[in-house]
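Engineer: Show me the folded form of this:
(one chain, ligands or ions: 1)
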Amino acid sequence: MTDLLTISDLSVFYGASAQAVDSVSFSVPTGSVVALLGANGAGKTSIMKAIAGLIPAEGRQVFEGEDVSGLSARERVKRGIVYVPEGREIVGDMTVRENLTLGGYHLSGRERKSRAEMVLDLFPEIANKADRHAWRLSGGEQQMLAIGRGLMAKPRLLLLDEPSLGLAPMLVRRVFDRLGSFRSESDLAIVLVEQNLAMTMRICDELHFLRGGRIVGHRTAAELSDSAARQEAIDAYLGAA
Ligand code: ATP
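Structural biologist: As a prediction, this is how the structure comes out:
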């Protein structure tokens, strides 16, 4: 499998002395789901924002064979690098459909419309409420809308930041199952940030464990298929720093 994205020696600084990410390197094969796991403050969101072009970063980022390190967030969206932020950030006083339209701002009118239908097919829960204000949706539905808005942009790489945050496990499962079936049809790759290993295992192919801005461990999903191996990884990488 070829690599869609390769990150080499990525470092992120906030000000002169605060280093949030320290020489992180990993690859995302085409069509795969790569998870970044770590406690609060481990640097996960900073890595995602750097890949999305939303914050400056050192190091090299190669997407579809081209160096994209210097590109703006807008240029990256055009190439298919799309970030779905933690905390959802949908527009509450716009309707579900209007929120989706925002996600496809760079598409032609016709393409935007057919894309919105595709997203609403994927998430029937919000299709029923397409003309309602987004603030009226439940937490789970808002998460579906946020992911749906990301899918509107025709991503090749979806950067999903803690989609399970604040959601009931059953809803998280539903969101992940939908995403799983969508990506197997569309060759979409996903970088998933999570704190919840069990949920992450439902969808991911490989996992990187982060601590203090560094990658401290790597496992394939197959290596974590039995619960003893999962517990060992949790103890080794996600326990107290
Ligand atoms: P969380 O799950 O809490 O978002 P995270 O693993 O995503 O954690 P980051 O949000 O990337 O971690 O934060 C990594 C480090 O960078 C932390 O020490 C955090 O305090 C710091 N940091 C994050 N954003 C800023 C900022 N805008 N200014 C200064 N420091 C920041």
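Engineer: Name the residues linked to the residue sitting nearest the centre point of the chain by a beta bridge.
Structural biologist: Closest to where the C-alpha atoms of the chain average out (C-alpha atoms, centre = their mean) is Leu160, at 1.6 Å. Going by DSSP bridges, Leu160 is paired in beta bridges with Val84, Leu192.
Engineer: got the contact list for it?
Structural biologist: 84, 147, 150, 179, 190-193 (C-beta atoms under 8 Å, 6 or more residues apart in numbering). (Each C-beta comes from the backbone N, C-alpha and C, glycine too.)
Engineer: which one of those residues is nearest Thr30?
Structural biologist: Ile190 (11.4 Å; C-beta to C-beta).
Engineer: Thought Arg183 was touching the closest one, still the case?
Structural biologist: Yes - the criterion here is C-beta atoms under 8 Å, and Ile190 meets it with Arg183 at 6.4 Å.
Engineer: so what's in contact with these two at the same time?
Structural biologist: Joint contacts of Ile190 and Arg183 (C-beta under 8 Å, 6+ apart) are Val33.
Engineer: Kindly report the residues of the chain close to the ligand.
Structural biologist: With the criterion set to C-beta under 6 Å from any ligand atom, the chain comes near the ligand through 14, 18, 20, 38, 40-46.
Engineer: how distant is the lowest-mean-pLDDT helix or strand in the chain from the center of its chain?
Structural biologist: One helix or strand of the chain scores below all others by mean pLDDT, DSSP states H and E: helix 169-186, with a mean of 80. Helix 169-186 sits 13 Å away from the centroid of its parent chain (C-alpha atoms, centre = their mean, to the nearest Å).
Engineer: Please apply the same query to stretch 144-155.
Structural biologist: 11 Å.
Engineer: pull the CA atoms of that stretch into CSV?
Structural biologist: C-alpha atoms of stretch 144-155 as CSV (Å, rounded to 0.1, in the frame of the first residue of the first chain):
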residue,chain,number,x,y,z
MET,A,144,-22.5,13.4,12.8
LEU,A,145,-23.1,16.8,11.4
ALA,A,146,-19.5,17.9,12.1
ILE,A,147,-18.2,14.7,10.4
GLY,A,148,-20.7,15.2,7.6
ARG,A,149,-19.5,18.7,7.1
GLY,A,150,-15.9,17.4,6.8
LEU,A,151,-17.0,14.8,4.3
MET,A,152,-18.6,17.6,2.2
ALA,A,153,-15.1,18.8,1.3
LYS,A,154,-14.3,15.6,-0.6
PRO,A,155,-11.5,14.6,1.8
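Engineer: can you list contacts of that stretch?
Structural biologist: 77, 80-85, 88-90, 96, 99-104, 106-107, 112, 115-116, 118-120, 122-123, 125-126, 134, 137, 158, 160, 163, 175, 178-179, 182, 188.
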